[in-house]
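Engineer: pasting a predicted model and its sequence here:
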Amino acid sequence: MHVSVDTLRGHLDYSSWATRRLLDAAAALSAAELRRDFGTADKSLLGTLTHVFGADRIWLARIQGGPPEAFTFPPAFDLGELAREWTSLGERWKEWAGGMTDDGVERELAYRDIKGNAWVSPIWQIVLHVVNHGTHHRGQAAGFLRAMGQAPPPLDLIAFFRATAARG
């Protein structure tokens, strides 16, 4: 399967757009609502968003060949700090993707997962995984918002395409 670098850049842009919309919606909640336990693996809306951010950060460090990033955060990590850090991380993903080529996304990357298992994957698979992982958990987070009586913003890929087309 061949995936162009432009397609990957578009998906990364989508992921940043959807994340920003969800962070903005979450900003209207109280601290108690952000930490409300829904009985899922990451427990709360804030926990779920922090999980996605942590994974995005780890994957970028891997593909850039940098030192491993931590997956856990201090208990006081709040939505404002998360939003600031994630905006910066999104810019780093965009900068990285700006330097990629179609040949570069075919390159295989050897890495270890957080349990220490060794893997080899092409870059394009990693990028699509990062976007898909974020989409999955943003869907959970949108459900949490609904459960708290809030209407989540549209996060669908087609909504991104429409919004992008409307901006020209």
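Structural biologist: Right, received. Where do you want to start?
Engineer: for the helix or strand containing L109, packing partners?
Structural biologist: Per DSSP states H and E, L109 falls inside strand 108-112. Helices and strands touching strand 108-112, by 3 or more C-beta pairs under 8 Å, 6 or more residues apart in numbering; DSSP states H and E, are helix 45-64, strand 118-122, helix 123-147. C-betas here are computed from N, CA, C, even on glycine.
Engineer: partner strands of it, with direction?
Structural biologist: strand 118-122 (antiparallel) (DSSP bridges).
Engineer: if we look at the strand it pairs with, which residues are touching it?
Structural biologist: Residues outside strand 118-122 that contact it (C-beta atoms under 8 Å, 6 or more residues apart in numbering): V105, E106, R107, E108, L109, A110, Y111, R112, D113, H129.
Engineer: on that earlier part again, out of the helices and strands packed on strand 108-112, which is the most enclosed?
Structural biologist: helix 45-64 (a mean of 20; mean count of other C-beta atoms under 10 Å).
Engineer: just want the angle from that helix to strand 108-112.
Structural biologist: 120 degrees (axes from the mean of the first three to the mean of the last three C-alpha atoms, to 10 degrees).
Engineer: and the residue nearest the centre of the chain, what does it touch?
Structural biologist: Per C-alpha atoms, centre = their mean, the C-alpha nearest to the average position across the chain is that of G134, at 4.2 Å. Listed by C-beta under 8 Å, 6+ apart, the contact partners of G134 are S15, A18, T19, V52, A55, D56.
Engineer: need the per-residue pLDDT for the fourth one.
Structural biologist: This means V52. Note on V52: pLDDT of 96.
Engineer: what's the answer for the third one, then?
Structural biologist: Model confidence at T19, given as pLDDT, is 98.
Engineer: using a markdown table, lay out the contacts of strand 118-122 together with pLDDT and distance to R36.
Structural biologist: Shown next, in a markdown table, are the contacts of strand 118-122 (pLDDT from 0 to 100; distance: C-beta to C-beta, whole Å):
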| residue | pLDDT | distance to R36 |
| --- | --- | --- |
| V105 | 96 | 39 |
| E106 | 96 | 43 |
| R107 | 96 | 42 |
| E108 | 97 | 42 |
| L109 | 97 | 37 |
| A110 | 97 | 40 |
| Y111 | 95 | 34 |
| R112 | 93 | 34 |
| D113 | 91 | 30 |
| H129 | 98 | 28 |
